[in-house]
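[1] The following comprises the amino acid sequence and a computationally predicted model.
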Amino acid sequence: MSERLTQFELDQLSAWCDGELDAAATADIEAKVASSAAWAAAYREIVDLSRTMDAWAVRPAAGDLAQRIIARVHEEPAAPRHVVLRLVGVLSGMAAAAAIVLAIIFAGHQGPQPAGTDATVAAKKADEAVKADLAGVAKNDQMVVENLDFFQNYSVATNYDTLEAIDRVENTGGGM
Amino acid sequence: MTTRTWKNFLALVAAGAILISAGAAVADDAKPAAGSIARQLLLKRRLEKIAAGTLSASLEHNRRQWDQLSPEQRDQMRRTALAFENANPAEQKRLLERYEQLSRLTPQKQQAYRERAKWLEVVVASFTPQERAQLRDLPADQRAKMLLDRKAQLIREGKLKAEAPATQPATRPVNP
């Protein structure tokens, strides 16, 4: 096993943390977390993130917002959208068509989803709050708008180490 | 036809429609896949803003900025978001860390970094791919000196404008 987990493995681990895997996959991930340092480290990182969410989740929510959101989660099982998109990226032509058809059919056959952890509920509540604030912005653009300050400074973030070095050189008189 | 057959037929029709626009749809949707590290990092950022009580103000500010962007600038932001989504998890984490570092600088220094990032793109583009690879392997300060040398050369040749004296920041300081 390599020292770093692949994107697929990270997704699997994240899904496990959210209780989204079936019994067999759950047992498989549990074994990996117990036996692999890389898996254990990645798990700790996700737990840290979840704690941040939980810290927010314990704050009292206004009215019956949480109950309404939880009820909606039960009523409307989420389609496996990320799986569909990933497959579209990997497969092509008829293979992609077959995968999409299967995903749509199986989505309709899914039973109720697990209620999720406090962190998941907190994340959904936060999602609702952002959607309300960004009402009117196209759905596909909401993530971009929410993080616009980051994306506007993306080239600075990308070259930050070099920019820092240039600043150092200029301020020590080593530049032109 | 049975209900199930109809359902499967409709699913096939839907899949056809999806396939027609699949490329554009996937390219346009800049939202990182559920469970991905990118999604978790952005979610953590959102929750930190909630904890700090700045989420609403940040969304409002970003939304105002978004409304002022031209269609081309919006497309550029969407492409940037996709580039972030497609970066590997370690790079995604590094970029957000660097952005947080940037946000801790004074507004004047943040603006200086943004100005440098602008000319840095021009300067880096003036190197051949082979030279760029060599630059990447150099220690940061040595790389900075070479970049500053090249910048001075480009200014002398009239290919790059000399920087104007530092003024007040044109945009609000970043506040992740």
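    Structure received.

[2] pretty sure B:Leu55 is in contact with B:Lys49, am I right?
    Yes: with contact defined as Cβ atoms under 8 Å, B:Leu55 reaches B:Lys49; the gap is 4.0 Å. (Glycine included, C-beta is placed from N, CA and C.)

[3] residues near B:Gly158, how many?
    Neighbour count of B:Gly158, defined by other Cβ atoms under 10 Å in any protein chain shown: 7.

[4] how about it, secondary structure?
    coil (DSSP: H, G, I helix; E, B strand; the rest coil).

[5] Quick check on it: phi, psi?
    Backbone geometry at B:Gly158, expressed as degrees, to the nearest 10, gives phi 80, psi 10.

[6] Chain A versus that one, what's the distance?
    B:Gly158 sits 16 Å away from chain A, going by Cβ to the nearest Cβ, to the nearest Å.

[7] do the same with B:Ala117
    For B:Ala117 relative to chain A (Cβ to the nearest Cβ), the value is 5 Å.

[8] Who are the contact partners of that residue?
    A:Ser155, A:Val156, A:Asn159, A:Leu163 (Cβ atoms under 8 Å, 6 or more residues apart in numbering or on different chains).

[9] so where's chain B uncertain?
    Scanning chain B for pLDDT under 70 picks out B:1-31, B:34-35, B:164-176.

[10] dump the residue contacts of the most centrally placed residue in it.
    Per Cα atoms, centre = their mean, the C-alpha nearest to the average position across chain B is that of B:Thr80, at 4.1 Å. Residues counted as contacts of B:Thr80 (Cβ under 8 Å, 6+ apart) are A:Phe151, A:Tyr154.

[11] same thing with the one 10 residues further on?
    For B:Ala90, the residues meeting the contact criterion (Cβ under 8 Å, 6+ apart) are A:Arg4.

[12] Would you mind confirming that A:Arg4 makes contact with A:Trp39?
    No: taking contacts as Cβ under 8 Å, A:Arg4 lies outside contact range of A:Trp39: 10.6 Å.

[13] who has more neighbours, the two?
    Higher neighbour count among A:Arg4 and A:Trp39: A:Trp39, with 21 against 13, using other Cβ under 10 Å.

[14] Quick one: mean pLDDT over the strand or helix carrying that one.
    Taking DSSP states H and E as the criterion, A:Trp39 maps to helix A:37-57. Helix A:37-57 shows a mean pLDDT of 68.

[15] Please list which of the contacts of B:Ala117 are also close to chain B.
    By Cβ under 8 Å from any Cβ of the partner chain, the members of these lying near chain B are A:Ser155, A:Val156, A:Asn159, A:Leu163.

[16] Just to be sure, which of these are found in helices?
    Members of the ones next to chain B among the contacts of B:Ala117 lying in helices (criterion: DSSP state H): A:Ser155, A:Val156, A:Leu163.

[17] Return the member of those residues nearest to B:Leu102.
    Closest approach to B:Leu102 among these (Cβ to Cβ): A:Val156, at 5.7 Å.

[18] So the closest one is in contact with B:Tyr113, correct?
    Yes: with contact defined as Cβ under 8 Å, A:Val156 and B:Tyr113 form a contacting pair (5.2 Å).

[19] Now for those two: what residues contact both?
    A:Leu163, B:Leu102.

[20] Most neighbours out of the ones next to chain B among the contacts of B:Ala117, which is it?
    A:Leu163 (25 neighbours).

[21] Now do that residue, the pLDDT please.
    Among the per-residue scores, A:Leu163 shows a pLDDT of 95.

[22] so how far is A:Phe150 from B:Ser103?
    9 Å (Cβ to Cβ, to the nearest Å).

[23] No more questions from me, cheers.
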